[in-house]
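Peer 1: Fold the following and give me the result.
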Amino acid sequence: MISAIDMADDRSAQAVCRRARDGGLLTRPIRETIVFMPPLCISREQIDKCLDTLQESITDVLTENARLKTSSSMIA
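Peer 2: Below is the predicted model of the structure:
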């Protein structure tokens, strides 16, 4: 099984993969795409945990990116 999620840019994809790794999930950034390749013997509960970790990682990175954009526009 192979799944992929496209992000807006490669920097965001790399940040999500780093954040997911901190949560125990190994993913792979390929340019702006996050690739997820779990083993075929993975259980439903394990997939749910992986997807929760991935969703949390994406949310954290997008929130951080939005915060940085807001603070940089306030400086300019």
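
Peer 1: helices or strands up against the lengthiest helix in the chain?
Peer 2: The longest helix of the chain (DSSP state H) is helix 44-75. Applying 3 or more CB pairs under 8 Å, 6 or more residues apart in numbering; DSSP states H and E, we find helix 44-75 packed against helix 10-22, strand 33-36. Yep, even glycine has a C-beta here, placed from its N, CA and C like the rest.

Peer 1: how does it look with 10 Å?
Peer 2: Applying 3 or more CB pairs under 10 Å, 6 or more residues apart in numbering; DSSP states H and E, we find helix 44-75 packed against strand 3-6, helix 10-22, strand 33-36.

Peer 1: and the last one, which strands flank it?
Peer 2: Right, strand 33-36. strand 3-6 (antiparallel), strand 28-30 (antiparallel) (DSSP bridges).

Peer 1: just to revisit the earlier point, same list (the helices and strands packed on helix 44-75) but as CSV, adding distance to Val61, mean neighbour count and mean pLDDT.
Peer 2: Conversion of the helices and strands packed on helix 44-75 to CSV gives the following (distance: least, CB to CB, whole Å; neighbours: other CB atoms under 10 Å; pLDDT from 0 to 100):
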stretch, distance to Val61, mean neighbour count, mean pLDDT
strand 3-6, 12, 12, 96
helix 10-22, 5, 18, 97
strand 33-36, 10, 17, 96
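
Peer 1: Of all those, which one comes closest to Leu54?
Peer 2: Closest approach to Leu54 among the helices and strands packed on helix 44-75 is made by helix 10-22 (5.7 Å; CB to CB).

Peer 1: quick one: contacts for the residue nearest the centre of the chain?
Peer 2: Nearest to the geometric centre of the chain sits Val16, at 3.1 Å (CA atoms, centre = their mean). The contact partners of Val16, taken as CB atoms under 10 Å, 6 or more residues apart in numbering, are 5, 7, 27, 29, 34, 54, 56-62.
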